[in-house]
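S.K.: Next comes the sequence, and after it the predicted model I'd like to discuss.
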Amino acid sequence: MNVKKSKRKKILLTVVIILVALPLFSLAASIGVYAIWARGQHIDESLLPTASALPEVYDAEGGLISADTDAYVSSDEMSNFLKYAFIAVEDKRFYSHKGYDVVRIGGAIVDNIRAGGIKEGASTITQQLIKNTHLTSERSLKRKLKEVALARDLERKYSKDDILCMYLSVIYFGKGAYGVKNAARTFFGKEISELTLDECATLAGIVKNPAGYSPLNHPEASKKRRDAVLSLMFEQGYISESEYNDAKNAPLKTAKEENKVKSQCALYVELAKQQAAEILGISRYELDNSGVKIYTNLRADVQNALREEALCSSNFESDKISNYAVVLDNKTGGVLGLYSSLTYDVLRQTGSALKPLAVYAPAFDMRCVTLATPIVDEKVDFSGFSPENFNGIYYGQTTVEEALKKSMNSVSVKLLDYVGLDKSARYLEKFGLKVEEQDKNYSLALGSLSASPIDLAAAYCALSRRGEAIPPRFVRYIVAGGIKHDFEPYSRRVVSKAAASLVGRALCETVKDGTARTLSALPFDVAAKTGTVERSDKKNSDAWLASYNDNFTVAVWHGSDDGMTERGGGHPTMHAAGIWKRLFKSAQEPFALSLDADVVPIDIDEYSTLKFKKVVVASLNTPKQYRCTKYFDIDNLPSADPGLFDSAPPCKLNVKVCEGHVEASFDTLGIYAYRLFRTDVLGRALIFASDGNGDSISVRDVPMGFGNSVEYELVCTLKDNDDISASDKKRVFFDPGMSEYPLRFAA
């Protein structure tokens, strides 16, 4: 019995040893293997942000551009408030760990087990620097292990303050701001050495969620997050109680729209660097340490013109209104100049400036309509979406061209319904505008899509290029390691040449007698479209003007989160007019606006077109005042159906004998003149004459019949052409003895 028990104990002990020892042995072996592997992992110091190899950026003439866009932070310009704000919220054991935090890793493992997946990363500041400069954003155990190994190597080679400086030089704060230097300029209009405690805490709070904690877009959430950072700083002993209270009670003051860039080329340089990184296939951080030479399309004369006009525009606007203007070379897509009162690229709703791209160009390309197609401007309702026209004015029977010229909302929605939401979105994508799934609704017809001025300018540039889009080019070429890297952007067909020409025709009319007529004073032709975005309080948040000729495309945006009182894009149009004048003065070649690729002019009968609700070609008989030249896609010409003027006028007379008088009645049309004659025993006489106005006419007459028949004749003639006429006769018997009326006739 004891022998059996002893055997059982030995077996149980063996099982326990196997179940416990083997995992421990495996774990130890894995740690050993990892340790050996980790010692072989080394950082690439060329990927770390330093001030030793900043790229150089040159303009189109080869001049070095002066722009204060360096992002590298040095330890001597970093205040204790700035340093400890980030340490308190991002990595409170930063100065004690060796690149990775065992306590945080343990806590993260527990949280991830509870969550059933990888939710917590437990990354230290050192690990985040490695992730941003050396690794992808992939979430996997292999990537995490490499991150830890490289973080450990980084800690062996650099001091804590150096690591913190590099981390602050690369993290993203939103609004196009990489690094804490650019963030301080973007959100507060300051250098980092000028930041107060509450501002340092605000910046430290943004990093977790740049979109949600932006002090510009979400001030309440940003302030709440700031206060949480201040609380951590106080708890960890970095600030005193009085400093904590003073900072917590400080109002959230940002540079907001008043912030002006310190260099007029700063935003251009930043966007050129981003494009250069894409061309070379490297990260933005690698570029900042590459020492490459970037040669751009920036023209000093164009940039100066934009800067001067931006200053002029501030004379008729509030300081709280931001402005942004960009000029493209239509032949190459080169960005010749860009000037903004903001330090970052904006993404704003486009308003009616989107209509030519989302609605009209696709409709012409699909041959749904022509410029002359009649359409009714009226109150519409598409599944509960019922937009109003500006000031509630509806034009009734109109044409597609007039609808675009006057920016009629109801017609735009009707055409979008013809085109289809999915097709419209695909056209916009080909124009270079990003469309999310939630954007695919009828409000797209009114410009609910958000875009940057650069992308909108590039889309209009495609119209000037006969429907062929080309990406906007900041960079001409790059010299890296003695090798020249040319940037040859691809072009893509968006709409047909005819569709682009038809849109251009309508937008040229918009300048002559539409929403952009401020540009009509220019000594050359341009095509243009305005756009505004209205808030619930009836103020505008955004106003646009997109314009082009064969030479250039000019896009201007004005906006304010506080709202603007201007209506209809008037200020951006004046702003753009000033830019066009300066471009014209410095132009090296004549300005032109060619609009007639793959289209043909045809005279149409406007009156018959509106009457029959389809396009009617003018005939030899069509009066001059109803003859109008419109342009048509050569593959979408109107049919040759006859109009009202190709046959005798509609002329029908009704006559009846009443008690004591005769009553003659007929309907009229506004294009004809009407004369009513009576022939009785006294002879033929004109008893009524009138120009038609669309009314029904009734004439009461007392003829001298004396028992004989009386003849009535209605003669209808075209007002300006007696050769086009028709008549209708009727006879009646009438006895004057029956008359109780002393008058011969009465109308």
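M.R.: Done, it's in.

S.K.: contacts and neighbour counts: CA atoms only from here.
M.R.: Noted.

S.K.: quick one, strands of the stretch 301-450 of the chain?
M.R.: With DSSP state E, counting those that start in this stretch applied, the stretch 301-450 of the chain shows strands at 322-329, 335-340, 348-349, 374-377, 396-399, 450-451, listed in chain order.

S.K.: In terms of secondary structure, what does the first one contact?
M.R.: In this case it means strand 322-329. helix 300-313, strand 335-340, helix 453-464, strand 552-564 (3 or more CA pairs under 8 Å, 6 or more residues apart in numbering; DSSP states H and E).

S.K.: Could you check how far the closest residue to Leu338 other than its chain neighbours is from Ser452?
M.R.: Nearest non-adjacent residue to Leu338, counting by CA to CA, 6 or more residues apart in numbering: Val326, 4.4 Å away. As defined by CA to CA, to the nearest Å, Val326 lies at a distance of 10 Å from Ser452.

S.K.: Likewise for Asp161?
M.R.: 38 Å.

S.K.: which one of these two has more residues nearby?
M.R.: Using other CA atoms under 10 Å as the criterion, Asp161 and Ser452 rank with Ser452 on top: 18 against 15.

S.K.: And the more buried one, what's its pLDDT?
M.R.: As summarised for this prediction, Ser452 has a pLDDT of 96.

S.K.: do the same with Thr69
M.R.: 54.

S.K.: Same check on Ser464?
M.R.: Looking at Ser464, its pLDDT reads 97.

S.K.: Quick check: which element contains the residue lying closest to it once chain neighbours are set aside?
M.R.: Spatial nearest neighbour of Ser464, chain neighbours left out: Asp550 (6.0 Å); criterion: CA to CA, 6+ apart. Under DSSP states H and E, no helix or strand contains Asp550.

S.K.: any idea how far Asp550 is from Val526?
M.R.: Remark: distance between Asp550 and Val526 (CA to CA) = 9 Å.

S.K.: Looking only at neighbour counts, state which of these two leads.
M.R.: The neighbour comparison of Asp550 against Val526 (other CA under 10 Å) goes to Val526, with 27 against 22.

S.K.: dump the residue contacts of the residue nearest to that one when sequence neighbours are not counted.
M.R.: Counting by CA to CA, 6+ apart, Val526 lies nearest to Asn549, which is 5.0 Å off, once chain neighbours are set aside. For Asn549, the contacting residues are 464, 525-527, 591-594, by CA atoms under 8 Å, 6 or more residues apart in numbering.

S.K.: Equivalent analysis for Leu718, please.
M.R.: 649, 671-673, 724-725 are the contacts of Leu718 under CA under 8 Å, 6+ apart.

S.K.: Closest one to Leu230 out of those residues, please.
M.R.: Ile671 (79.3 Å; CA to CA).

S.K.: For Thr518, see how far away the closest one is.
M.R.: Ile671 is 35 Å from Thr518, where distance means CA to CA.

S.K.: returning to what we had before: was I right to think the residue nearest to Ser464 contacts Leu463?
M.R.: No - applying CA atoms under 8 Å, one finds Asp550 not in contact with Leu463, separated by 9.8 Å.

S.K.: For the host helix or strand of Ala85, name the packing helices and strands.
M.R.: Here Ala85, judged by DSSP H and E, is contained in helix 80-90. The elements that helix 80-90 packs onto, with contact taken as 3+ CA pairs under 8 Å, 6+ apart, are helix 197-206, helix 219-235.

S.K.: got the CA positions of that helix in CSV?
M.R.: Provided in CSV are the C-alpha atoms of helix 80-90 (Å, rounded to 0.1, in the frame of the first residue of the first chain):
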residue,chain,number,x,y,z
ASN,A,80,11.8,72.5,-17.3
PHE,A,81,8.1,73.0,-17.7
LEU,A,82,8.2,71.7,-21.2
LYS,A,83,10.4,68.8,-20.3
TYR,A,84,8.4,67.7,-17.3
ALA,A,85,5.0,68.1,-18.9
PHE,A,86,5.8,65.4,-21.4
ILE,A,87,7.6,63.2,-18.9
ALA,A,88,4.6,63.4,-16.5
VAL,A,89,2.0,62.4,-19.0
GLU,A,90,4.0,60.2,-21.4
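
S.K.: wait, doesn't Arg75 sit right on Ile163?
M.R.: Slight slip there: residue 75 is Ser, not Arg. No - here Ser75 does not reach Ile163: they are 9.8 Å apart, not a contact under CA under 8 Å.

S.K.: Looking at the two now, which is surrounded by more residues?
M.R.: Set side by side, Ser75 and Ile163 show more neighbours around Ile163, with 22 against 13, by other CA under 10 Å.

S.K.: Excluding chain neighbours, what is closest to that one?
M.R.: In space, Ile163 is closest to Thr126, 6.6 Å off (CA to CA, 6+ apart).

S.K.: thought that neighbour was touching Cys165?
M.R.: No - taking CA under 8 Å as the definition, Thr126 is not a contact partner of Cys165, at 10.7 Å.

S.K.: Who has more neighbours out of these two?
M.R.: Legend: neighbour count by other CA under 10 Å for Thr126 and Cys165, higher for Thr126 (26 against 23).

S.K.: Quick one: residues contacting that one.
M.R.: Residues in contact with Thr126 (CA under 8 Å, 6+ apart) are 99-100, 151, 154-155, 163-164, 167.

S.K.: In helices only, show me those residues.
M.R.: Of those, the ones assigned to helices by DSSP state H are 151, 154-155, 163-164, 167.

S.K.: just the residues you listed: which has the poorest pLDDT?
M.R.: Among these, pLDDT bottoms out at Ala151, giving 81.

S.K.: ok, it - contacts?
M.R.: Each residue near Ala151 by CA under 8 Å, 6+ apart is listed here: 99-100, 126-127, 130.

S.K.: Mind putting the residues you listed into a markdown table with pLDDT and distance to Phe390?
M.R.: Converted to a markdown table, the contacts of Ala151 look like this (pLDDT from 0 to 100; distance: CA to CA, whole Å):
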| residue | pLDDT | distance to Phe390 |
| --- | --- | --- |
| Gly99 | 76 | 61 |
| Tyr100 | 80 | 60 |
| Thr126 | 85 | 56 |
| Gln127 | 85 | 55 |
| Ile130 | 83 | 54 |
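
S.K.: Report the buried members of these.
M.R.: 99-100, 126-127, 130 (16 or more other CA atoms under 10 Å).

S.K.: Next, give me the two most distant ones among these.
M.R.: Between all members of the buried ones among the contacts of Ala151, the farthest pair (by CA to CA) comes out as Tyr100 and Ile130, at 11.4 Å.

S.K.: Let's see the helix or strand hosting Asp603 as CSV, backbone CA atoms only.
M.R.: Assigned by DSSP H and E, Asp603 belongs to strand 599-605. The C-alpha atoms that make up strand 599-605 are tabulated as CSV, following Å, rounded to 0.1, in the frame of the first residue of the first chain:
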residue,chain,number,x,y,z
VAL,A,599,-17.3,71.6,-79.0
VAL,A,600,-19.2,73.4,-81.7
PRO,A,601,-21.4,76.5,-81.7
ILE,A,602,-25.0,76.1,-82.6
ASP,A,603,-27.8,78.8,-82.7
ILE,A,604,-30.7,77.6,-80.7
ASP,A,605,-34.3,78.8,-80.4
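
S.K.: Rounded mean pLDDT for it, please.
M.R.: 95.

S.K.: With stretch 475-494 instead?
M.R.: Averaged across stretch 475-494, the pLDDT comes to 90.

S.K.: Ok, stretch 180-190 next?
M.R.: Stretch 180-190 comes out at a mean pLDDT of 88.

S.K.: Stretch 387-397 too?
M.R.: Here the average pLDDT along stretch 387-397 is 86.

S.K.: starting at the chain centroid, how far to that stretch?
M.R.: 23 Å (CA atoms, centre = their mean, to the nearest Å).

S.K.: Just the terminal-to-terminal distance for that stretch.
M.R.: End-to-end distance for stretch 387-397: 18 Å, by CA to CA.
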